[in-house]
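# Fold the following and give me the result.
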Amino acid sequence: MKKPWSVWLLTGLLVIFSIGGFYGGMSMLLDPTGKALGVDIVLHQLPVRSYILPGLFLLAVMGLVPLFLVYSLLARPEWKWMDKILGWAPYHWGWTGTLLLVAVLAIWLLVEGLLIGMYPITYVTAIQGAAILLTALLPGVRRYYRRDGT
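Purely as a prediction, here's the structure:
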């Protein structure tokens, strides 16, 4: 089955999201005070003393995971170990993982909003997450990743 345009759109959105995760994560790791990003003024509101842990989270979960999902969505590898983790849905595990990434992002943004409030980048990230979710739910994308092929 040929990849629908919506699959390419989904993977493109994930790549853009990944770039943001790498940028934010690396910025926090290179300057754990948050001064370079202008978030040093809210550090006292967080349950951490520096931005090292949030930076690692952004780098791994919002930077690397989306790239891993892009690979899985384009190549559709059949990995039994991933099926054991995400095989409960009637879709390829890459699609299911994409929805889980959006759920993790929603929780991250909710906690961020509760702890430090909303900033322009929070809205941009929320819009990215919504775009990824809506694209993943398009009929062509769902049909392409459905296990039984219907």
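
# What residues of the helix or strand of the chain with the lowest mean pLDDT count as buried?
For the chain, counting by mean pLDDT, DSSP states H and E, helix 80-86 ranks last in confidence among helices and strands (a mean of 86). Under the neighbour-count criterion of 16 or more other Cβ atoms under 10 Å, helix 80-86 has 82, 86 buried. C-betas here are computed from N, CA, C, even on glycine.

# cool, and stretch 43-62?
43, 46, 51, 54-55, 57-59, 61-62.

# For these, work out which two are farthest apart.
Farthest pair in the buried residues of stretch 43-62 (Cβ to Cβ) is L43 and V61. Separation: 20.2 Å.

# what packs against the lengthiest helix in the chain?
Longest helix in the chain, counting residues (DSSP state H): helix 5-30. With contacts taken as 3 or more Cβ pairs under 8 Å, 6 or more residues apart in numbering; DSSP states H and E, helix 5-30 sits against helix 52-57, helix 65-75, helix 120-136, helix 139-145.

# Which positions in that helix come out as buried?
Within helix 5-30, the residues scored as buried using 16+ other Cβ under 10 Å are 6-7, 9-11, 13-14, 17-18, 20-22, 24-25, 27-29.

# same thing with stretch 132-147?
Within stretch 132-147, the residues scored as buried using 16+ other Cβ under 10 Å are 132-133, 135-136, 138, 141, 144-145.

# Likewise for stretch 71-79?
For stretch 71-79, a neighbour-count test (16+ other Cβ under 10 Å) marks 72-73 as buried.

# Ends of it, what's the gap?
Stretch 71-79 has an end-to-end distance of 13 Å (Cα to Cα, to the nearest Å).

# roughly how far is that stretch from the heart of the chain?
17 Å (Cα atoms, centre = their mean, to the nearest Å).

# which residues touch it?
The contact list for stretch 71-79, computed with Cβ atoms under 8 Å, 6 or more residues apart in numbering, reads 3, 7, 10-11, 14, 82, 92-95, 97-98, 145.

# Redo those as CSV? Include distance to L69.
As requested, those are exported to CSV (distance: Cβ to Cβ, whole Å):
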residue, distance to L69
K3, 15
V7, 12
L10, 9
T11, 8
L14, 6
M82, 11
H92, 11
W93, 10
G94, 6
W95, 9
G97, 5
T98, 5
Y145, 11
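
# So which of those residues sits lowest on pLDDT?
Within those, M82 has the lowest pLDDT, namely 88.
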